[in-house]
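A.B. asks: Below: sequence and its predicted model.
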Amino acid sequence: MPSEVPVDLSNRAALVTGGTRGIGLAIARCLVRCGARVLVCARSEPGQLPAGIEFAAADVRDPDQARAAVAEATSRFGRLDVAVNNAGGSPSVLADSASPNLITSVVRLNLLAPFFVAQAANAVMRGQDDGGLILNIGSVSAFRPAPGTAAYAAAKAGLIALTKALAVEWAPAVRVNCVTAGLVRTEDNSAHYGDEQALAAVAATVPVGRMARPDDIADACLLLVSPLARYVTGANLVVDGGGERPAWFGAASPRSVLESRARRQAP
């Protein structure tokens, strides 16, 4: 393998749901760069995908289509080593005006669809000598909800619980982990955060000084896919750049606050 490739995934096969753009595409590209064969699925076919990434149409909210996507990956590659449940998302709708149909749709996409894919993937992986890995992509909304995200936050919180439950049931053959993403800058950001000035203001709230790039999430996934994580299952790896600075950081510098505390505590 070339020296710049961090993990050798030759002879490995992966399925990435929602893998035609954003975080999902970054994960697919990362796996291909390391030698894996990758099938991505989404409801509609993209214009063009990078070399080495194959496509199959599937709406994984439907359990039959979720099973079909797993079967397609297994048929094309002869095995399935990694299944990444990346498909997800939600419009921003305040809880008191969210319709039953919207709530149901959000939960189906962000919680039930990963369950459907995981069931099908487990059925394949447990029959392989070296098992496999199911990787769920979560969101900090699970434990840091914001207005307009009630159904999404509840579904993503459920995804973490699902990860832990499946890890217990399906060990040792199949590992199940979650990567929880913080604020990620993608092509859809303007719809959520606004213009460049607004994006800069949002980035300033993150301790590392910027929003994540899709590749940051993909690299975290690669760690869990690699042999280095062979003993890791039921884990939730939070990739959020340190979260958010406490509100009081904007009112006073940390140094002045600490100095003030020290003066008050002095004998």
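C.D. replies: Cool, the structure landed.
A.B. asks: So residue 45: helix, strand or coil?
C.D. replies: coil (DSSP: H, G, I helix; E, B strand; the rest coil).
A.B. asks: Tell me how far it lies from residue 54.
C.D. replies: Using CB to CB, to the nearest Å, residue 45 is found at 11 Å from residue 54. All C-beta atoms are positioned from the backbone trio N, CA, C, and that covers glycine.
A.B. asks: Please apply the same query to residue 75.
C.D. replies: 11 Å.
A.B. asks: I'd say residue 166 and residue 176 touch.
C.D. replies: Yes: at 4.4 Å, residue 166 and residue 176 qualify as touching, with contact defined as CB atoms under 8 Å.
A.B. asks: Overlap in contacts, those two.
C.D. replies: Jointly contacting residue 166 and residue 176 under the rule CB atoms under 8 Å, 6 or more residues apart in numbering are 118, 134.
A.B. asks: So for those two, which sits in the more crowded spot?
C.D. replies: Counting neighbours by other CB atoms under 10 Å for residue 166 and for residue 176 shows that residue 176 has the greater number, 27 against 23.
A.B. asks: Packing partners of the helix or strand containing that one?
C.D. replies: Element membership of residue 176, judged by DSSP states H and E, is strand 174-181. Other elements packing on strand 174-181 under the criterion 3 or more CB pairs under 8 Å, 6 or more residues apart in numbering; DSSP states H and E are helix 113-125, strand 132-139, helix 150-170, helix 214-225, strand 236-239.
A.B. asks: and the third one, what's its mean pLDDT?
C.D. replies: If I follow you right, that is helix 150-170. Per-residue pLDDT over helix 150-170 has a mean of 98.
A.B. asks: nearest residue to the residue nearest the centre of the chain other than its sequence neighbours?
C.D. replies: Residue closest to the mean C-alpha point of the chain, counted by CA atoms, centre = their mean, is residue 137 at 2.1 Å. The spatially closest residue to residue 137, leaving aside those adjacent along the chain, is residue 86, at 4.5 Å (CB to CB, 6 or more residues apart in numbering).
A.B. asks: Tell me who's in contact with the one you found.
C.D. replies: 16-19, 23-24, 27, 137.
A.B. asks: buried set for the helix or strand containing residue 67?
C.D. replies: Here residue 67, judged by DSSP H and E, is contained in helix 63-77. Across helix 63-77, burial judged by 16 or more other CB atoms under 10 Å covers 65-70, 72-74, 77.
A.B. asks: What is the most widely separated pair among those?
C.D. replies: Greatest spatial distance among those (CB to CB): 65 and 77, at 18.7 Å.
A.B. asks: Point out the ones among the contacts of residue 86 that are inside strands.
C.D. replies: Among those, the members falling in strands (DSSP state E) are 16-17, 137.
A.B. asks: Can you lay out those residues as TSV showing distance to residue 236?
C.D. replies: Formatted as TSV, the ones in strands among the contacts of residue 86 follow (distance: CB to CB, whole Å):
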residue	distance to residue 236
16	19
17	19
137	11
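A.B. asks: now residue 210: how far from residue 182?
C.D. replies: 11 Å.
A.B. asks: So for the two, which sits in the more crowded spot?
C.D. replies: A count of neighbours by other CB under 10 Å puts residue 182 above the other of residue 210 and residue 182, at 21 against 15.
A.B. asks: Quick check, pLDDT for that one.
C.D. replies: 93.
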